[in-house]
Every structure is written in structure tokens, then in C-alpha cells.
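Student: kindly return the folded structure for what I paste below:
(one chain, ligands or ions: 1)
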Amino acid sequence: MKKLLMAANWKMYKTVEEGVATARELVSLLGTLPQDREVLVCPPFTMMHSVCPILAGNAGCHSGAQNFYPAAQGAFTGEVAPEQLLDLGCTYALAGHSERRHVLGEMDELIGRKVAFGLEAGLKMILCIGETSVERRLGQIEEVLVRQLESGLAGVLSTATAENLAVAYEPVWAIGTGDVAGPDEILAAHALVRSKLESLLPSEGAQIRILYGGSVKPDNAAAIIRLDNVDGVLVGGASLKADSFSQIVLA
Ligand SMILES: O=C(CO)COP(=O)(O)O
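Tutor: Sure thing, here's the model as predicted:
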């Protein structure tokens, strides 16, 4: 059975003390997870040493990195390697998040290298993709999503499985805006991603989880996860409070 992946991205928020308190409250609110879902929390690096063990202590809860550099080790000032993340008990990582693409200037080629290197190192990867509002207005949704999928997955076509890869569709215009994509918009984008995954990865594409992200809240999560080809959510703002994220997880 494909489990829903209910993921939190804490971005650049919280002190260690706040992160620990939120993680503790979250596992206590969640208790035993329903059989059909898994939880992932991606905290800032600064608190992973304290937060990862709290999540690992609850069955079905995992921790992930928001970013890493695709090299084993070396002179990469300010960067973090997959081995260093695995060492903390972190099992997942994001690549290609909209803020890394549009604020930090990451290009498709680097994102593809991260997906390939992360998988090779033993991390489970979540490739984030999504169009901007301008690209949507210009009718370029398909072109953008296909390009981001093809380049993001170029190095993993023989190694990616439904176990070690997920894709998050996060339309840039819906992130942090309260402007959640409508059901028809989500259905259309996820169907497109599914069909592209099936053609790129014929044996695994149907099973790879596709998450939706962008203004997911406790009051819209249930309707979103019921849509075809939606296998979970990636939540920013509403994941910062244990109470609201636990309502989303259990929606
Ligand atoms: O970027 C996101 C998750 O990665 C979504 O953020 P919001 O849920 O705050 O819109």
C-alpha cells in the first residue's frame, strides 16, 4: 500500500529550544499514526541533532534536510553533505524547493545533481517542482513541469524507486500566499506529473508519491489528499505549530 507522506518544511524558523518543543508536542499529539500515512519534518540544520531523535522515537515519523551539497566531503564552506545528515538519523532531503530555485538561484542542472547524489548516498529524495504565476499566465505549466522533472531526474532513471523518490508539486504562486491551488489545478498538474513519471520511470512511475504544497492548512488538507494522484502534502507555514500540523497529518 502506498502511504501518504505528510511533510513539514520549517524553513528558516525556530531556535533549538522551540524546535525541540514543537517536535515533542507533535509526536505526543500524533501518537500512533494511522496505517496509511507517514510523517516527515524538515527542520533547519541547527536543530537537527536534537530534533531528529525525537521524531525517530515515534513509528512512522522521519526527519529530512531542506538542502545539502552534492559531494561526499571537502572544501565547500557553509555546506552540508549527505553523510553528515545520515549521521544525525536524517533519512530524507528536499531538492529544488522553489525558494532555492528563485531566491538562492539554483538551476536545474545543480538540482539534478543533488537528486542523483542524495539517492546514491542513501537519502530518500523529494524533488520539488512548480511554475510561477507568470509561467502559468503564459500557458507554460506543462513546459516548466516537464523540464524540471526531466532535468531533476536525469541522473536517476535507473536507480529511483517508489521507496526512495517522491515529487512535490508546489506552484510558486501558492507558497506562503494563502492562495491554495484549486482542485482542478491540482488534478491537472498531478496528472501531468504522473504521466511524465510513468514515461521516464516505466516500472516505478505509477507508485512514486506526488505531494502537493502551497498554502495547505488544517481546513483544506482533507480535500486535497482525497484528490487523484495526490499522495501527501508538503506544508510550510501551517507546519510550524504542532497543533495545526497534527490536524493536517490526521486530516
Ligand atoms: O513551501 C512550502 C513547503 O515547502 C509551502 O509553504 P506554505 O505552506 O507556507 O505555503
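Student: quick one, strands of the stretch 151-251 of the chain?
Tutor: With DSSP state E, counting those that start in this stretch applied, the stretch 151-251 of the chain shows strands at 165-169, 209-213, 232-235, listed in chain order.
Student: turn those into TSV, columns for distance to residue 10, mean neighbour count and mean pLDDT.
Tutor: C-beta here means a position set from N, CA and C on the backbone, and glycine is covered the same way. Converted to TSV, the strands of the stretch 151-251 of the chain look like this (distance: least, Cβ to Cβ, whole Å; neighbours: other Cβ atoms under 10 Å; pLDDT from 0 to 100):
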stretch	distance to residue 10	mean neighbour count	mean pLDDT
strand 165-169	15	26	98
strand 209-213	13	24	98
strand 232-235	10	26	98
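Student: find the nearest non-adjacent residue to residue 100, please.
Tutor: When the adjacent residues along the chain are set aside, residue 100 lies closest to residue 106, with 4.6 Å between them (Cβ to Cβ, 6 or more residues apart in numbering).
Student: was I right to think that neighbour contacts residue 94?
Tutor: No - shown here, residue 106 and residue 94 do not form a contact pair, counting by Cβ atoms under 8 Å, at 11.4 Å.
Student: residue 212 bridge partners, please.
Tutor: In this structure, residue 212 has beta-bridge partners residue 169, residue 233, where bridges are defined by DSSP bridges.
Student: quick one, what contacts it?
Tutor: Applying Cβ atoms under 8 Å, 6 or more residues apart in numbering, one finds that residue 212 lies in contact with 168-170, 181, 186, 190, 224, 227, 230, 232-234.
Student: of those residues, list those near the ligand.
Tutor: Among the contacts of residue 212, the residues that sit close to the ligand (Cβ under 6 Å from any ligand atom) are 170, 234.
Student: show me what from the protein comes close to the ligand.
Tutor: With Cβ under 6 Å from any ligand atom as the criterion, the chain meets the ligand at residues 9, 97, 170, 175-176, 213-216, 234-238.
Student: now which of the residues you listed would you call buried?
Tutor: Judged by neighbour count, with 16 or more other Cβ atoms under 10 Å as the criterion, the buried members of the residues of the chain next to the ligand are 9, 97, 170, 175, 213-216, 234-238.
Student: nearest to the ligand among these?
Tutor: The closest of those to the ligand turns out to be residue 236 (Cβ to the nearest ligand atom; 2.3 Å).
Student: in the sheet, who's paired with the closest residue in space to that closest one that isn't next to it in sequence?
Tutor: Leaving aside its sequence neighbours, residue 236 sits nearest to residue 9 (Cβ to Cβ, 6+ apart; 5.2 Å). Counting by DSSP bridges, residue 9 is bridged to residue 42.
Student: so where do the helices sit in this protein?
Tutor: 16-30, 48-56, 82-87, 98-102, 108-121, 133-137, 141-153, 183-200, 221-225, 242-249 (DSSP state H).
Student: mean pLDDT and mean neighbour count for those helices - can I get that in JSON lines?
Tutor: Below are these laid out as JSON lines (pLDDT from 0 to 100; neighbours: other Cβ atoms under 10 Å):
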{"stretch": "helix 16-30", "mean pLDDT": "98", "mean neighbour count": "18"}
{"stretch": "helix 48-56", "mean pLDDT": "97", "mean neighbour count": "20"}
{"stretch": "helix 82-87", "mean pLDDT": "98", "mean neighbour count": "18"}
{"stretch": "helix 98-102", "mean pLDDT": "98", "mean neighbour count": "18"}
{"stretch": "helix 108-121", "mean pLDDT": "98", "mean neighbour count": "20"}
{"stretch": "helix 133-137", "mean pLDDT": "97", "mean neighbour count": "14"}
{"stretch": "helix 141-153", "mean pLDDT": "98", "mean neighbour count": "19"}
{"stretch": "helix 183-200", "mean pLDDT": "98", "mean neighbour count": "17"}
{"stretch": "helix 221-225", "mean pLDDT": "98", "mean neighbour count": "18"}
{"stretch": "helix 242-249", "mean pLDDT": "98", "mean neighbour count": "20"}
